[in-house]
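Colleague: following is a predicted model, sequence given first.
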Amino acid sequence: MNAPKRYYAGRGKQAETRWQDLPVVDPEALRDPRGYLAGADLSAAVDVALTLGMPLLLTGEPGCGKSRLAHSVAWELGLERPLEFPVKSDMQGRDLFYSFDTVGRFHASQAGKGDADPARFISFNALGKAILHAKPLSYAVDELKLPEQRVGHPGEPHRSLVLIDEIDKAPRDVPNDLLTEIEGMSFRIPELSGSGGAGGGDRPGSGGEPLPTHRHHHQQLGEVPAGRVPAPLRLLSRALSGILRTQ
(Lines give C-alpha, C1' and ligand atoms only; values in the text may rest on other atoms or scores of the structure.)
Protein backbone atom coordinates (compact mmCIF):
# COMPACT_ATOMS: atom_id res chain seq x y z
CA MET A 1 0.00 0.00 0.00
CA ASN A 2 1.41 3.33 -1.06
CA ALA A 3 2.02 5.92 1.64
CA PRO A 4 0.00 9.15 1.34
CA LYS A 5 1.76 12.02 -0.38
CA ARG A 6 3.44 14.44 2.01
CA TYR A 7 3.46 18.18 1.32
CA TYR A 8 5.14 19.40 4.49
CA ALA A 9 7.95 17.50 6.14
CA GLY A 10 8.95 19.92 8.90
CA ARG A 11 12.65 19.09 8.43
CA GLY A 12 13.96 22.65 8.20
CA LYS A 13 14.51 22.35 4.46
CA GLN A 14 12.56 23.71 1.54
CA ALA A 15 10.45 20.99 -0.02
CA GLU A 16 10.28 20.16 -3.71
CA THR A 17 6.51 20.64 -3.59
CA ARG A 18 5.30 24.18 -4.24
CA TRP A 19 1.97 25.73 -3.43
CA GLN A 20 0.91 25.24 -7.06
CA ASP A 21 1.06 21.47 -6.45
CA LEU A 22 -1.34 21.51 -3.50
CA PRO A 23 -4.72 19.81 -4.07
CA VAL A 24 -7.69 22.06 -4.82
CA VAL A 25 -10.74 21.68 -2.60
CA ASP A 26 -14.05 22.48 -4.30
CA PRO A 27 -16.66 23.59 -1.71
CA GLU A 28 -19.46 22.94 -4.19
CA ALA A 29 -18.35 19.36 -4.64
CA LEU A 30 -18.55 18.87 -0.88
CA ARG A 31 -22.22 19.88 -1.02
CA ASP A 32 -23.03 17.58 -3.93
CA PRO A 33 -25.93 15.42 -2.70
CA ARG A 34 -25.22 12.60 -5.14
CA GLY A 35 -23.76 9.70 -3.28
CA TYR A 36 -24.98 10.87 0.13
CA LEU A 37 -26.14 7.81 2.07
CA ALA A 38 -28.49 8.19 5.04
CA GLY A 39 -29.14 5.36 7.45
CA ALA A 40 -32.58 3.84 7.76
CA ASP A 41 -33.31 5.56 11.07
CA LEU A 42 -32.22 8.96 9.81
CA SER A 43 -34.26 8.72 6.58
CA ALA A 44 -37.27 7.63 8.66
CA ALA A 45 -36.87 10.70 10.87
CA VAL A 46 -36.83 12.91 7.75
CA ASP A 47 -40.03 11.23 6.54
CA VAL A 48 -41.71 11.92 9.87
CA ALA A 49 -40.79 15.61 9.67
CA LEU A 50 -42.02 15.86 6.08
CA THR A 51 -45.27 14.07 6.88
CA LEU A 52 -46.05 16.21 9.94
CA GLY A 53 -44.80 19.46 8.40
CA MET A 54 -42.57 20.01 11.43
CA PRO A 55 -38.98 21.23 11.76
CA LEU A 56 -36.28 18.59 12.02
CA LEU A 57 -33.61 19.48 14.55
CA LEU A 58 -30.23 17.76 14.29
CA THR A 59 -27.31 17.61 16.68
CA GLY A 60 -24.01 15.88 16.17
CA GLU A 61 -20.27 16.30 15.91
CA PRO A 62 -18.87 18.76 13.35
CA GLY A 63 -18.51 17.17 9.93
CA CYS A 64 -20.94 14.30 10.55
CA GLY A 65 -23.22 15.38 7.68
CA LYS A 66 -25.96 17.56 9.19
CA SER A 67 -25.81 20.24 6.50
CA ARG A 68 -25.33 17.72 3.69
CA LEU A 69 -28.55 16.02 4.76
CA ALA A 70 -30.48 19.18 3.85
CA HIS A 71 -28.96 19.24 0.35
CA SER A 72 -29.68 15.52 -0.06
CA VAL A 73 -33.35 15.90 0.91
CA ALA A 74 -33.83 18.89 -1.41
CA TRP A 75 -32.14 17.11 -4.31
CA GLU A 76 -34.05 13.85 -3.93
CA LEU A 77 -37.41 15.66 -3.72
CA GLY A 78 -36.67 17.84 -6.73
CA LEU A 79 -36.62 21.08 -4.73
CA GLU A 80 -34.32 24.00 -5.33
CA ARG A 81 -31.18 24.22 -3.25
CA PRO A 82 -31.87 24.80 0.46
CA LEU A 83 -32.35 28.36 1.60
CA GLU A 84 -29.45 28.68 4.03
CA PHE A 85 -29.08 31.00 6.98
CA PRO A 86 -25.73 30.96 8.84
CA VAL A 87 -26.42 31.96 12.43
CA LYS A 88 -24.26 34.56 14.20
CA SER A 89 -23.97 35.24 17.90
CA ASP A 90 -25.62 38.68 17.67
CA MET A 91 -28.64 37.65 15.59
CA GLN A 92 -32.26 38.29 16.54
CA GLY A 93 -35.23 36.09 15.71
CA ARG A 94 -36.43 38.45 12.98
CA ASP A 95 -33.10 38.10 11.14
CA LEU A 96 -34.21 34.66 9.95
CA PHE A 97 -37.10 36.34 8.14
CA TYR A 98 -35.86 39.70 6.89
CA SER A 99 -33.34 42.52 7.23
CA PHE A 100 -34.17 46.20 7.12
CA ASP A 101 -31.72 48.88 5.97
CA THR A 102 -32.51 51.48 8.62
CA VAL A 103 -29.60 53.74 7.68
CA GLY A 104 -30.46 53.71 3.99
CA ARG A 105 -34.11 54.47 4.75
CA PHE A 106 -33.08 57.36 7.01
CA HIS A 107 -30.81 58.91 4.37
CA ALA A 108 -33.50 58.56 1.70
CA SER A 109 -36.10 60.28 3.86
CA GLN A 110 -33.71 63.07 4.89
CA ALA A 111 -32.50 63.75 1.37
CA GLY A 112 -36.03 64.15 0.10
CA LYS A 113 -35.07 62.55 -3.18
CA GLY A 114 -36.28 59.34 -4.70
CA ASP A 115 -38.63 56.83 -3.14
CA ALA A 116 -38.34 56.49 0.63
CA ASP A 117 -40.96 53.73 0.77
CA PRO A 118 -39.75 51.38 3.54
CA ALA A 119 -40.56 48.37 1.35
CA ARG A 120 -37.58 49.30 -0.83
CA PHE A 121 -35.20 48.79 2.09
CA ILE A 122 -36.26 45.27 3.06
CA SER A 123 -34.28 42.14 2.16
CA PHE A 124 -35.87 38.79 2.88
CA ASN A 125 -33.82 36.00 4.41
CA ALA A 126 -34.26 32.22 4.43
CA LEU A 127 -37.46 31.75 6.45
CA GLY A 128 -39.05 34.91 5.06
CA LYS A 129 -38.40 33.82 1.49
CA ALA A 130 -39.78 30.34 2.16
CA ILE A 131 -43.04 31.75 3.53
CA LEU A 132 -43.48 34.30 0.73
CA HIS A 133 -42.55 31.80 -1.98
CA ALA A 134 -45.32 29.52 -0.73
CA LYS A 135 -47.84 32.18 -1.76
CA PRO A 136 -48.63 33.49 -5.26
CA LEU A 137 -46.44 36.34 -6.42
CA SER A 138 -49.53 38.56 -6.61
CA TYR A 139 -49.92 38.27 -2.84
CA ALA A 140 -46.56 39.90 -2.16
CA VAL A 141 -46.75 42.46 -4.97
CA ASP A 142 -50.44 43.40 -5.07
CA GLU A 143 -51.57 42.89 -1.48
CA LEU A 144 -48.41 43.66 0.49
CA LYS A 145 -47.11 46.19 -2.08
CA LEU A 146 -43.62 44.74 -1.92
CA PRO A 147 -41.22 45.35 -4.84
CA GLU A 148 -40.98 42.17 -6.90
CA GLN A 149 -37.17 42.25 -6.92
CA ARG A 150 -37.16 42.28 -3.12
CA VAL A 151 -39.25 39.13 -2.90
CA GLY A 152 -37.23 37.09 -5.40
CA HIS A 153 -40.29 34.99 -6.15
CA PRO A 154 -39.84 32.06 -8.59
CA GLY A 155 -43.14 32.90 -10.30
CA GLU A 156 -45.29 30.04 -9.03
CA PRO A 157 -45.93 29.03 -5.41
CA HIS A 158 -43.64 26.22 -4.34
CA ARG A 159 -42.20 24.54 -1.29
CA SER A 160 -38.77 25.38 0.06
CA LEU A 161 -36.31 23.71 2.38
CA VAL A 162 -34.63 25.95 4.94
CA LEU A 163 -31.29 25.12 6.53
CA ILE A 164 -30.56 27.04 9.73
CA ASP A 165 -26.89 26.40 10.26
CA GLU A 166 -25.29 26.44 13.72
CA ILE A 167 -28.27 27.85 15.60
CA ASP A 168 -26.44 27.04 18.82
CA LYS A 169 -24.53 30.30 18.24
CA ALA A 170 -27.74 32.31 18.56
CA PRO A 171 -28.84 33.93 21.84
CA ARG A 172 -30.65 31.48 24.11
CA ASP A 173 -34.13 32.90 23.49
CA VAL A 174 -34.03 32.80 19.69
CA PRO A 175 -35.16 29.14 19.19
CA ASN A 176 -38.14 29.66 21.52
CA ASP A 177 -38.98 33.00 19.88
CA LEU A 178 -39.39 31.20 16.54
CA LEU A 179 -42.01 28.72 17.74
CA THR A 180 -44.99 31.03 17.11
CA GLU A 181 -43.82 32.01 13.63
CA ILE A 182 -43.09 28.41 12.65
CA GLU A 183 -46.41 27.17 14.00
CA GLY A 184 -48.42 29.89 12.27
CA MET A 185 -46.21 30.11 9.16
CA SER A 186 -46.28 33.89 9.45
CA PHE A 187 -44.13 36.78 10.60
CA ARG A 188 -44.49 40.51 11.25
CA ILE A 189 -42.77 43.46 9.60
CA PRO A 190 -43.32 46.43 11.93
CA GLU A 191 -41.32 48.75 9.64
CA LEU A 192 -44.08 48.59 7.02
CA SER A 193 -46.79 49.74 9.44
CA GLY A 194 -45.03 52.80 10.74
CA SER A 195 -44.19 51.36 14.16
CA GLY A 196 -40.69 51.86 15.48
CA GLY A 197 -40.28 55.13 13.60
CA ALA A 198 -39.83 53.45 10.22
CA GLY A 199 -42.76 55.27 8.66
CA GLY A 200 -45.02 54.01 5.90
CA GLY A 201 -48.73 53.26 5.84
CA ASP A 202 -50.47 50.18 7.13
CA ARG A 203 -50.50 47.23 4.78
CA PRO A 204 -52.36 43.94 5.00
CA GLY A 205 -50.35 41.54 7.12
CA SER A 206 -47.42 43.92 7.61
CA GLY A 207 -47.96 45.41 11.03
CA GLY A 208 -50.58 44.40 13.54
CA GLU A 209 -51.35 41.22 11.61
CA PRO A 210 -48.73 38.67 10.60
CA LEU A 211 -48.12 37.68 7.01
CA PRO A 212 -50.52 34.73 6.60
CA THR A 213 -49.65 31.60 4.65
CA HIS A 214 -50.93 28.09 4.37
CA ARG A 215 -49.22 25.70 6.73
CA HIS A 216 -46.93 22.88 5.64
CA HIS A 217 -45.51 24.83 2.70
CA HIS A 218 -41.90 24.35 3.65
CA GLN A 219 -39.75 22.17 5.80
CA GLN A 220 -36.74 23.14 7.87
CA LEU A 221 -33.57 21.41 8.87
CA GLY A 222 -31.72 23.07 11.70
CA GLU A 223 -29.01 22.44 14.21
CA VAL A 224 -29.88 23.03 17.86
CA PRO A 225 -27.94 21.62 20.81
CA ALA A 226 -30.09 19.39 22.98
CA GLY A 227 -29.92 21.74 25.97
CA ARG A 228 -31.64 24.53 24.03
CA VAL A 229 -34.23 22.54 22.14
CA PRO A 230 -37.80 23.26 23.33
CA ALA A 231 -38.96 20.46 25.61
CA PRO A 232 -41.40 18.70 23.22
CA LEU A 233 -38.62 18.29 20.66
CA ARG A 234 -35.78 17.20 22.95
CA LEU A 235 -36.51 13.50 22.61
CA LEU A 236 -36.41 13.69 18.82
CA SER A 237 -33.24 15.76 18.91
CA ARG A 238 -31.45 13.32 21.22
CA ALA A 239 -32.49 10.38 19.07
CA LEU A 240 -31.20 12.08 15.93
CA SER A 241 -27.95 12.95 17.68
CA GLY A 242 -27.35 9.27 18.34
CA ILE A 243 -28.30 8.37 14.78
CA LEU A 244 -25.87 10.87 13.26
CA ARG A 245 -23.00 9.75 15.45
CA THR A 246 -23.41 6.18 14.25
CA GLN A 247 -23.56 6.96 10.54
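Modeller: Perfect, thanks for sending it.

Colleague: the strands in this protein, which residues?
Modeller: Along the chain, counting by DSSP state E, strands occupy 56-58, 83-86, 98-100, 122-124, 160-165, 218-223.

Colleague: Serialize those to JSON lines and add fields for mean pLDDT and mean neighbour count.
Modeller: Backbone N, C-alpha and C define where each C-beta goes, glycine included. Formatted as JSON lines, the strands of the chain follow (pLDDT from 0 to 100; neighbours: other C-beta atoms under 10 Å):
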{"stretch": "strand 56-58", "mean pLDDT": "84", "mean neighbour count": "24"}
{"stretch": "strand 83-86", "mean pLDDT": "90", "mean neighbour count": "18"}
{"stretch": "strand 98-100", "mean pLDDT": "91", "mean neighbour count": "17"}
{"stretch": "strand 122-124", "mean pLDDT": "90", "mean neighbour count": "19"}
{"stretch": "strand 160-165", "mean pLDDT": "89", "mean neighbour count": "22"}
{"stretch": "strand 218-223", "mean pLDDT": "41", "mean neighbour count": "24"}
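
Colleague: turn the ones you listed into a markdown table, including distance to residue 137.
Modeller: Output for the strands of the chain, formatted as a markdown table (distance: least, C-beta to C-beta, whole Å):
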| stretch | distance to residue 137 |
| --- | --- |
| strand 56-58 | 28 |
| strand 83-86 | 17 |
| strand 98-100 | 17 |
| strand 122-124 | 13 |
| strand 160-165 | 14 |
| strand 218-223 | 16 |
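
Colleague: closest to residue 26 out of those strands?
Modeller: Taking C-beta to C-beta, strand 83-86 is the member of the strands of the chain nearest to residue 26, at 17.7 Å.

Colleague: and the closest one, which strands flank it?
Modeller: strand 160-165 (parallel) (DSSP bridges).

Colleague: of all the strands of the chain, which lies closest to residue 33?
Modeller: Nearest of the strands of the chain (C-beta to C-beta): strand 160-165, 11.5 Å.

Colleague: quick check: the gap between residue 4 and residue 14.
Modeller: Residue 4 sits 21 Å away from residue 14, taking C-beta to C-beta, to the nearest Å as the criterion.

Colleague: what pLDDT, on average, does stretch 190-199 get?
Modeller: Averaged over stretch 190-199, pLDDT sits at 53.

Colleague: and if you look at stretch 108-115?
Modeller: Stretch 108-115 shows a mean pLDDT of 74.

Colleague: quick one: end-to-end length of that stretch, please.
Modeller: Taking C-alpha to C-alpha, to the nearest Å, stretch 108-115 runs 7 Å from one end to the other.

Colleague: that stretch: which residues count as buried?
Modeller: For stretch 108-115, burial by neighbour count (16 or more other C-beta atoms under 10 Å) applies to residue 108.

Colleague: distance from it to the middle of the chain?
Modeller: Offset of stretch 108-115 from its chain centre (C-alpha atoms, centre = their mean, to the nearest Å): 33 Å.
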